[in-house]
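**Student:** coordinates only, no sequence provided:
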């Protein structure tokens, strides 16, 4: 198995790309204490690849991942082709997951959260720089203590 040191960001690329770009911008800004090794830099996807090829490459990325970030937007709960598949794979690989609410709710958003995450050990945080920086640093460390429990995760980050 590959060394897991990457952060994988899962999101609705059609609608929520600007939030992903914001994470990249924070990473590049030397005045912001925010750093992660982006799994999306492992291999490049061709725009017109087959679903099978895309999922194979995404799986390669996920095998190098230590943390999954799910950007929860307005339509995320209904995305099955890739987003749900990525979440299922992360759960199978026992990768800690941070659900980042783009509407800035500091708890699970039942209207937007994919159902697959509702009863899993996932921390739900708002899309704010301070919450994300804190969760990036703390959740991978804390996850082993909480991975068999639910309903406690947002409180850790209040």
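**Tutor:** It's in. Note that the coordinates shown come from a computational prediction; the quantities given were computed from them, not determined experimentally.

**Student:** from the chain's centre, how far out does the strand or helix carrying residue 139 sit?
**Tutor:** Taking DSSP states H and E as the criterion, residue 139 maps to helix 129-146. Helix 129-146 has its C-alpha centroid displaced from the chain centroid by 12 Å (CA atoms, centre = their mean, to the nearest Å).

**Student:** ok, and the closest non-adjacent residue to the most centrally placed residue in the chain?
**Tutor:** Centroid-nearest residue in the chain: residue 69, 1.2 Å away (criterion: CA atoms, centre = their mean). Nearest residue to residue 69, sequence neighbours excluded (CB to CB, 6 or more residues apart in numbering): residue 9, at 4.6 Å. Glycine gets a C-beta too; all of them are placed from N, C-alpha and C.

**Student:** tell me the secondary structure at that neighbour.
**Tutor:** strand (DSSP: H, G, I helix; E, B strand; the rest coil).

**Student:** and the residue nearest to the centre of the chain, that's in a strand?
**Tutor:** Yes. Remark: residue 69 belongs to a strand, assigned using three-state DSSP.

**Student:** so it touches residue 6, yeah?
**Tutor:** No. The pair residue 69 / residue 6 is not scored as a contact, 11.0 Å apart, by CB atoms under 8 Å.

**Student:** please report phi then psi for residue 29.
**Tutor:** Torsion angles at residue 29 (phi, psi; degrees, to the nearest 10) stand at phi -80, psi 120.

**Student:** tell me the predicted confidence for it.
**Tutor:** Residue 29 is assigned a predicted lDDT (pLDDT) of 81.

**Student:** tell me, how many residues neighbour it?
**Tutor:** 11 (other CB atoms under 10 Å).

**Student:** on that earlier part again, by contact count, what packs against the helix holding residue 139?
**Tutor:** helix 17-28, strand 65-72, strand 97-101, strand 122-126, helix 153-156 (3 or more CB pairs under 8 Å, 6 or more residues apart in numbering; DSSP states H and E).

**Student:** mind putting the ones you listed into a markdown table with distance to residue 143?
**Tutor:** Listed next are the helices and strands packed on helix 129-146 as a markdown table, based on distance: least, CB to CB, whole Å:
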| stretch | distance to residue 143 |
| --- | --- |
| helix 17-28 | 20 |
| strand 65-72 | 9 |
| strand 97-101 | 9 |
| strand 122-126 | 8 |
| helix 153-156 | 9 |
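
**Student:** what's the closest of the ones you listed to residue 108?
**Tutor:** strand 122-126 (4.6 Å; CB to CB).

**Student:** right, I'll call it a day here.
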